[in-house]
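# Give me a model of this one.
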Amino acid sequence: MRGRIALAVSAVAVAALGLSGVSAAAPQGHSPTIAKEYFGQADGTAVYRYTLSNSHGMKVQILSYGGIIQTLSVPDKHGKSANVVLGFPTLADYVAKNSPEAGGGVYFGALIGRYANRIAKGQFTLDGKTYNVPVNNNGNSLHGGLQGFDKKVWNVTEVPGKGTAGLKLTVTSPDGDQGYPGTLNATVTYTLDEQNRLSIGYQATTDAPTVVNLTNHTYWNLAGEASGDIYDQKLQLNAASYTPTDSTQIPTGQIVPVKGTPFDFTKPTAIGARIADNDPQLVIGQGYDHNWVLNSGGGKSLTQAAKATDPESGRTLTISTDQPGIQFYSGNFLDGTLYGTSGHAYRQGYGFALETQHYPDSPNQPDFPSTVLRPGETYHTTTVFALGTS
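Residues are numbered from 1 along each chain as shown. Now for the predicted structure:
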C-alpha cells in the first residue's frame with residue numbers, strides 16, 4: 001500500500017472475516033443497546049458517556065471527550081465478567097492526567113489524531129513547504145501535539161442497527177490546528193455487534209494537502225484492569241519485520257526482520273518472555289514501544305494483525321485491520337502514580353496497547369507508506385477488536 005491512504009472497508013467485509021468473539025449465535029431478534037448519561041464538563045462543554053451492551057455480556061463505555069473507551073467488560077471462560085481496559089473513573093482525571101502540562105498524558109482509550117505516534121523534531125515538509133507541530137516527547141511531536149483529538153469533545157450521534165449498535169463521532173480540526181495544514185473533518189464510528197466485536201471505522205477529508213494518521217490508544221489487560229502485570233499474557237503479531245528507532249524513538253528508516261530477536265512474535269509468546277533482554281531497542285523504549293510492519297502491507301481488505309491471550313482467564317483479543325503497521329506498547333512508563341477505574345494503581349506493565357496505524361514519522365520517511373491526504377480524497381480505514389475465550 002505504498003503511497004496511498006487506505007480505502008474503505010465495508011461492514012460486509014468485516015462479517016466475511018468470520019471474526020467471531022463468541023461461539024454461540026446471537027439470539028433471534030437481539031440487538032445491542034445504547035444508553036446515554038451526563039458525565040461532566042470539559043472547557044464548559046457537556047460530556048456524555050455512552051454504554052453499548054450486547055446479549056453475550058459485552059459492555060463498552062465510550063466518552064464524547066476524546067472518544068475514549070473508558071471501560072470494556074467481557075466474560076472469561078467461566079462466564080465471569082471483568083473490565084479489560086485501563087482508564088480513569090472521572091472526567092476530571094482524564095482532563096488533568098492528559099493535559100499538556102502532564103506531557104500530553106497516557107492517552108487511555110482515546111482517539112488519536114491528527115497524527116498518531118511520532119513526528120521527528122515536530123517538523124515535516126509537504127509540497128515544498130515546511131510545517132512545525134508541537135514538540136511534546138523527547139524533542140519530537142507525539143500523538144497530534146499538545147491538544148490532539150484525545151482532548152477534543154466530539155459530537156456524537158447514536159447509530160442503532162440490525163444486530164448492531166453504534167456511535168458516530170465527528171470533529172472538525174481547523175486549518176492550522178496544532179500547526180497542521182488544511183481543515184480536517186474527521187468521523188469515527190464505533191460499532192458493537194452480537195459476536196463480541198467492536199469495530200472502529202475512521203474517515204477524514206481535507207480542504208488542503210495535509211497528513212493524517214488516526215488510531216485508538218486503548219490499554220488492554222485481558223485478566224482484568226486491576227489484576228497486575230500483563231507479562232504472562234501471550235501475544236502473536238502477523239509481522240515478520242519492525243521499524244527500529246533512534247534514541248528518541250524516531251524510526252531510523254530501516255525495516256528489520258524480527259527473526260532471532262526479542263521482537264519476534266510470529267508465534268504466540270508471553271509478553272514478558274524477553275522484555276528484559278539486553279537488546280539496545282528494548283533499552284531505548286524501556287520495553288516494547290515499536291511499530292511492527294504487518295505482513296499484509298495494508299490495503300483494501302481486513303486481515304488479522306494481532307492476537308493476545310490470557311492463559312488464566314482464557315480471554316482472547318483478535319485485532320484485524322487494513323493498516324500497514326501496528327504499534328505494540330507494553331506499558332513501560334506506567335509508574336504507580338495513576339489510579340484506575342477500580343481505584344488500583346497502575347504500575348509498569350499493567351496494560352499493553354496495540355495501535356493500528358501507518359508507520360511513525362512517515363511524513364519524513366519517503367520509503368514508508370504515505371500519510372498524505374489531499375482535497376477530493378477520503379481517508380478511510382477500519383480496525384476490529386474481537387473478544388472471545390479459548
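# residue ranges for the helices of the stretch 51-200 of the chain, please.
91-97 (DSSP state H, counting those that start in this stretch).
# Any stretches of it with poor pLDDT?
98-104 (pLDDT under 70).
# so what's residue 58 up against?
21, 72-74, 192, 196, 198, 387 (CB atoms under 8 Å, 6 or more residues apart in numbering). For every residue, glycine as well, the C-beta is placed using N, CA and C.
# For the residues you listed, name the two members farthest from one another.
Using CB to CB, the contacts of residue 58 span at most 13.0 Å, a distance reached by 21 and 73.
# now, which of the contacts of residue 58 sits nearest residue 42?
Of all the contacts of residue 58, residue 72 has the smallest distance to residue 42: 21.7 Å, by CB to CB.
# all strands for the stretch 101-250 of the chain, in order.
110-112, 118-119, 123-126, 129-132, 141-142, 155-161, 164-173, 184-193, 197-206, 210-211, 215-217, 219-220, 234-237, 239-243 (DSSP state E, counting those that start in this stretch).
# and among those, the most buried is which?
Among the strands of the stretch 101-250 of the chain, the stretch with the highest mean neighbour count (mean count of other CB atoms under 10 Å) is strand 118-119, at a mean of 28.
# Name the surrounding residues that touch that strand.
Residues contacting strand 118-119 (CB under 8 Å, 6+ apart): 133, 137, 140-142, 249-250, 360-361, 363-364.
# returning to that earlier point: so which of residue 21 and residue 73 has more stuff around it?
Between residue 21 and residue 73, counted using other CB atoms under 10 Å, the more crowded position is residue 21 (24 against 18).
# how near is the closest residue to residue 279 other than its chain neighbours to residue 274?
Leaving out its chain neighbours, the residue that sits closest to residue 279 by CB to CB, 6 or more residues apart in numbering is residue 262, at 5.2 Å. Going from residue 262 to residue 274 by CB to CB, to the nearest Å gives 4 Å.
# sorry, back to before: out of the strands of the stretch 101-250 of the chain, which is closest to residue 332?
strand 219-220 (11.7 Å).
# any idea how far the closest one is from the chain center?
Put simply, strand 219-220 sits 9 Å off its chain's centre (CA atoms, centre = their mean, to the nearest Å).
# Give the other helices and strands that it contacts.
Strand 219-220 sits against strand 352-357, with contacts defined as 3 or more CB pairs under 8 Å, 6 or more residues apart in numbering; DSSP states H and E.
# Next SSE downstream of the strand it packs on?
Tracing the chain C-terminally past strand 352-357 and defining elements by DSSP states H and E, one meets strand 372-373 next.
# Now render the strands of the stretch 101-250 of the chain as CSV, adding distance to residue 43.
CSV is the format used below for the strands of the stretch 101-250 of the chain (distance: least, CB to CB, whole Å):
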stretch, distance to residue 43
strand 110-112, 16
strand 118-119, 26
strand 123-126, 28
strand 129-132, 25
strand 141-142, 22
strand 155-161, 15
strand 164-173, 14
strand 184-193, 19
strand 197-206, 23
strand 210-211, 25
strand 215-217, 21
strand 219-220, 25
strand 234-237, 38
strand 239-243, 36
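# Out of the ones you listed, the one nearest residue 371 is which?
In terms of CB to CB, the element of those nearest to residue 371 is strand 210-211, at 4.6 Å.
# partner strands of that closest one, parallel or antiparallel?
Paired neighbours of strand 210-211 in the sheet (DSSP bridges): strand 372-373 (antiparallel).
# so how far is the strand it pairs with from its chain's centroid?
The chain centre lies 20 Å from the centre of strand 372-373; the measure is CA atoms, centre = their mean.
# Excluding its own residues, what touches that strand? List them.
Here strand 372-373 makes contact (CB under 8 Å, 6+ apart) with 5, 126, 182, 184, 204-206, 209-212, 363, 379.
# ranges for the helices of the stretch 251-390 of the chain?
Assigned by DSSP H, counting those that start in this stretch, the helices in the stretch 251-390 of the chain fall at 280-285.
# Would you state the strands of it in chain order?
For the stretch 251-390 of the chain, applying DSSP E, counting those that start in this stretch gives strands covering 256-257, 269-270, 289-294, 303-309, 315-321, 325-329, 338-339, 345-346, 352-357, 372-373, 379-389.
# Dump the longest one to CSV, keeping only the CA atoms.
Extracted in CSV, the C-alpha atoms of strand 379-389 (Å, rounded to 0.1, in the frame of the first residue of the first chain):
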residue,chain,number,x,y,z
TYR,A,379,-9.0,8.8,4.4
HIS,A,380,-11.0,5.6,5.3
THR,A,381,-9.7,2.8,7.4
THR,A,382,-11.2,0.1,9.7
THR,A,383,-10.0,-1.8,12.7
VAL,A,384,-11.9,-4.6,14.5
PHE,A,385,-11.4,-5.7,18.1
ALA,A,386,-12.9,-9.2,18.5
LEU,A,387,-13.2,-10.5,22.1
GLY,A,388,-13.6,-14.2,22.9
THR,A,389,-12.4,-17.1,25.0
